[in-house]
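> model the structure of this input:
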Amino acid sequence: MAGSSAEANGANPNRRVKVYVLGSDGQWDDRGTGYVNCEMIREYDSVGFRVLAENAADKELLVSKIFEEDVFQRQGDTIVTWTNPETREDVALSFQEAVGAQEVWELICQVQGRSPNDPLAE
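This is a model prediction of the structure:
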């Protein structure tokens, strides 16, 4: 069963995501499916996201810090998007479960010092 193998690898099944990056042609490019962890990212000396591939836990699909700038948006219950202010790259995480998107959204808001229930934040 996929859920139990994910849990055995330390992945939170609520945080299963598809990673998309907006291509130069204006289309969203699917970078793969994996599990997002919120952790201290040494490369950035900051709290951020690390998405590890579902089928290869040693393959990183995305590593991004949580920016203090107001660049993150919620779209519906299961999508978190942002534009990286350093690279200008548009990124989207599409969560399988709304609860996982809410957990990550709350962490973003905590790092940014704002309320996850602020209607301007969504």
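> leaving out chain neighbours, which residue sits closest to residue 72?
Leaving out its chain neighbours, the residue that sits closest to residue 72 by C-beta to C-beta, 6 or more residues apart in numbering is residue 82, at 4.5 Å. Just so you know, the C-beta spots here come from the backbone N, C-alpha and C atoms, and that holds for glycine as well.
> now do that neighbour against residue 46, distance only.
14 Å (C-beta to C-beta, to the nearest Å).
> kindly report the same for residue 91.
Distance, residue 91 to residue 46, using C-beta to C-beta: 16 Å.
> so the residue nearest to residue 72 is in contact with residue 91, correct?
Yes. Assessed by C-beta atoms under 8 Å, residue 82 is found in contact with residue 91 at 5.7 Å.
> shared neighbours of those two, anything?
Residues touching both residue 82 and residue 91 comprise residue 64, with contact defined as C-beta atoms under 8 Å, 6 or more residues apart in numbering.
> which helix or strand lies directly C-terminal to the worst-scoring helix or strand of the chain on mean pLDDT?
In the chain, the helix or strand scored least confidently by mean pLDDT, DSSP states H and E is helix 2-8, which has a mean of 43. Sequence order places strand 16-22 as the next helix or strand after helix 2-8, per DSSP states H and E.
> who does that following strand touch, helix- and strand-wise?
Judged by 3 or more C-beta pairs under 8 Å, 6 or more residues apart in numbering; DSSP states H and E, the packing partners of strand 16-22 are strand 28-41, strand 90-95.
> redo these as a markdown table? Include mean pLDDT and mean neighbour count.
Below are the helices and strands packed on strand 16-22 laid out as a markdown table (pLDDT from 0 to 100; neighbours: other C-beta atoms under 10 Å):
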| stretch | mean pLDDT | mean neighbour count |
| --- | --- | --- |
| strand 28-41 | 95 | 17 |
| strand 90-95 | 97 | 20 |
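> as a markdown table, these with distance to residue 17 would be great.
A markdown table is the format used below for the helices and strands packed on strand 16-22 (distance: least, C-beta to C-beta, whole Å):
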| stretch | distance to residue 17 |
| --- | --- |
| strand 28-41 | 5 |
| strand 90-95 | 5 |
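> nice, that's everything, thank you.
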